[in-house]
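Student: Have a look at this prediction, sequence included:
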Amino acid sequence: MMRDNQALADSTSGFGVIEMTDTASDRLFVHSVGSLRIINYDDIDIILASGNYVEVCHKDGRHLHRATMNYMEKKLCNKKFIRVHRSAIVRISQIVELKSLDDEKIELLLKNGDRIRASLKYKNMLLKAIGVL
């Protein structure tokens, strides 16, 4: 087992998602200097765009991850997440309130207190996902 872990660490010299066997299907692997952070999808609250990276906000903190929002959307949106803006993907169960804004956009209040705007492009998908439509 130790040899397998070392091989995994050796094969992850850069940032990025590591595709593994089915046992990894519910986890995100984030490589940073000298370590490999394993984040369960169940622990992720929100994913935010941050330049060439995404910021993974989870119960234990925030970590930068080299991936695109489109990639993260494909990985997470069938796992109880929804994209609400070109720069934000949220866990549906974290949404506690929807507030209408003047420009027909929606502001989301999350359990952790964060406020995220949903753009018009994603509004109907969001409303369907939470059961309003």
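Tutor: Looks like it arrived, so ask away. Everything numeric here is computed off the predicted structure, so don't read it as measured data. Numbers count the residues shown, from 1 in each chain.
Student: where does residue 73 land in three-state SS?
Tutor: helix (DSSP: H, G, I helix; E, B strand; the rest coil).
Student: One more: residue 116?
Tutor: Reduced to three states with three-state DSSP, the structure at residue 116 is strand.
Student: what number of residues lie near it?
Tutor: Residues lying near residue 116 (other Cβ atoms under 10 Å) number 19. C-beta here means a position set from N, CA and C on the backbone, and glycine is covered the same way.
Student: Am I right that residue 52 is in contact with residue 66?
Tutor: Yes - A contact is recorded between residue 52 and residue 66 when judged using Cβ atoms under 8 Å, the distance being 6.8 Å.
Student: Which of those two has more residues huddled nearby?
Tutor: Legend: neighbour count by other Cβ under 10 Å for residue 52 and residue 66, higher for residue 66 (15 against 10).
Student: For residue 109, see how far away that one is.
Tutor: When distance is defined by Cβ to Cβ, to the nearest Å, residue 66 is 29 Å away from residue 109.
Student: What's the first helix or strand after the one helix or strand residue 46 maps to?
Tutor: For residue 46, the element it lies in under DSSP states H and E is strand 44-50. Secondary structure here is assigned by DSSP H and E; on that basis, the next helix or strand after strand 44-50 toward the C-terminus is strand 53-58.
Student: got the contact list for the closest residue to residue 68 other than its chain neighbours?
Tutor: Counting by Cβ to Cβ, 6 or more residues apart in numbering, residue 54 is the residue found nearest to residue 68 once chain neighbours are left out, at 7.5 Å. Contact analysis of residue 54 by Cβ atoms under 8 Å, 6 or more residues apart in numbering lists 47, 48, 64, 65, 67, 68, 69, 72.
Student: Spatially central residue in this structure, please.
Tutor: The residue at the geometric middle of the chain, judged as the C-alpha nearest the mean C-alpha position with Cα atoms, centre = their mean, is residue 47 (3.5 Å).
Student: That residue contacts residue 72, doesn't it?
Tutor: Yes - here residue 47 reaches residue 72: they are 5.1 Å apart, a contact under Cβ under 8 Å.
Student: Identify the contacts common to the two.
Tutor: 54, 89.
Student: That's all I had, so thanks and see you.
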